[in-house]
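J.: Show me the folded form of this:
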Amino acid sequence: MTETVLVKPELLRWAIDRSRLPWEELLSSFPKLEQWLAGDRQPTHRQLEQFAHKTMTPLGYLFLDAPPDETLPIPDFRTVGDTPIDRPSPNLLETIQVMKRRQEWMRDYLIEEGQEPLDFVASNKQARNIVSLAARMRERLGLNTDWAEVHTTWEEALRTFRNAAERIGVLVASSAVVGLNNHRPLDPQEFRGFVLCDEYAPLVFVNAADSKSARMFTLAHELAHLWVGRDGLFNLINMMPHQDETERFCNQVAAEFLIPGHKLTERWQEANASGKPFQTIGRWYKVSPVVAARRALDLKLISKDQFFAFYQQDRDEWERRKAEEKKRPKSGGPNFYDVQDVRLGRKFAYAVVCAAREGRLLYRDAYQLTDLTGETFDRYANLLTQRMKDERR
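T.: Numbers count the residues shown, from 1 in each chain. Here you go, the predicted structure:
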């Protein structure tokens, strides 16, 4: 007879709630789940291991006396309907933990390399001049007020923006899933991005499950956090920021950075004459139409009623497009190795490759830091090294 494991039903219920998985899916995987929850039967050790894996729960947690109180390691500026979100998903928690490990390694590596602290991190702790900080950010990044307009696509503009941030020392990582696990998607409604401040290895994570135009705003918002010197996690539901003063300030700086107020005011009539002003502004500045509408509201070019009417219209359109996308057959995605530059961030990835090849980092640890192993790691390392050489010529 197979031995069972004594586990408290409340811990199983906690793991289920924490996982956010559909009840039907869990019941299909574990037909005796209802009996486990009622305390009528107990799972075997193998079944409990499978349950822990399925619900993305550390196995040891299921042997505790009571569910643990999992808290985010960074300030949480997310809200839904002006109410803070009380429980982070396992996908979010693991993503933050992975990014913190990478940042800690990179910090040590850079200090060993003799890098000086980055002077822009926390350089704007006290000042609250929105226009001034946006201008200083553009200057440091080497971008002028027209930088986004010269690009024909959002993808090109986002790449330019990301590369500019990495050139000044910011680690920029972006992914739509946890690690390489396509079965663990990151929900942009839960979070759009977060920032981990550090004077040597500041890190920005952008949720790639969001649209490219929305990612532009996320990156600008998190960079503003670096200048202020404060970690943070945000989602910006309904384009309404958290009540925190610093979060609101970073929101305003990001908006000014992407859509300078004086330029939009000058061009408002031109945009309005197009019949679709927010889509037109979005194309100019490579931001989402909703960000454009919110900027128009902040500049008092439209009313709150106009903004929320457009927001709902845009949301309905987005839901319709998502529903249509699900019906379409899956097409081939981007090249796996090209995606790694964005997922890991080239600055971080190249440092890991160099350290491993120089014998300063065990390949086992390099694999753990990148989620790439064996021949996959070697091939990516070769491609990345060649790209870096080509760009220096």
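J.: Can you find the helix or strand of this structure with the lowest average pLDDT?
T.: Among the helices and strands of the chain, strand 83-84 carries the lowest confidence by mean pLDDT, DSSP states H and E, at a mean of 56.
J.: next one: phi and psi at residue 185?
T.: Dihedral pair for residue 185: phi -70, psi 150, per degrees, to the nearest 10.
J.: For residue 368, see how far away the residue lying closest to it once chain neighbours are set aside is.
T.: Distance criterion CB to CB, 6 or more residues apart in numbering; nearest residue to residue 185, sequence neighbours excluded, is residue 177 at 5.4 Å. Every residue, glycine included, has its C-beta placed from N, CA and C. To residue 368, residue 177 is 18 Å away according to CB to CB, to the nearest Å.
J.: what element comes up after the least confident helix or strand of the chain heading to the C-terminus?
T.: helix 90-112 (DSSP states H and E).
J.: and that next one, what other elements does it pack with?
T.: Using 3 or more CB pairs under 8 Å, 6 or more residues apart in numbering; DSSP states H and E, the elements in contact with helix 90-112 are strand 171-175, strand 177-178, strand 193-196, strand 203-207, helix 346-357, helix 363-370.
J.: Export these to JSON lines and append columns for distance to residue 273.
T.: Compiled in JSON lines, those are given as follows (distance: least, CB to CB, whole Å):
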{"stretch": "strand 171-175", "distance to residue 273": "36"}
{"stretch": "strand 177-178", "distance to residue 273": "42"}
{"stretch": "strand 193-196", "distance to residue 273": "34"}
{"stretch": "strand 203-207", "distance to residue 273": "34"}
{"stretch": "helix 346-357", "distance to residue 273": "42"}
{"stretch": "helix 363-370", "distance to residue 273": "50"}
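J.: quick one: which of those is nearest residue 339?
T.: strand 171-175 (8.7 Å; CB to CB).
J.: Number of residues surrounding residue 299?
T.: By other CB atoms under 10 Å, 16 other residues sit near residue 299.
J.: Could you verify my assumption that residue 356 touches residue 368?
T.: No - in this structure residue 356 lies outside contact range of residue 368 using CB atoms under 8 Å: 11.3 Å.
J.: who's in contact with residue 19?
T.: Shown in contact with residue 19 (CB atoms under 8 Å, 6 or more residues apart in numbering): 26, 54-57, 89-90.
J.: I'd like those as CSV, with distance to residue 141 appended.
T.: Shown next, in CSV, are the contacts of residue 19 (distance: CB to CB, whole Å):
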residue, distance to residue 141
26, 46
54, 43
55, 42
56, 36
57, 41
89, 32
90, 34
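J.: Closest one to residue 277 out of these, please.
T.: Proximity of the contacts of residue 19 to residue 277 (CB to CB) peaks at residue 89, which lies at 36.3 Å.
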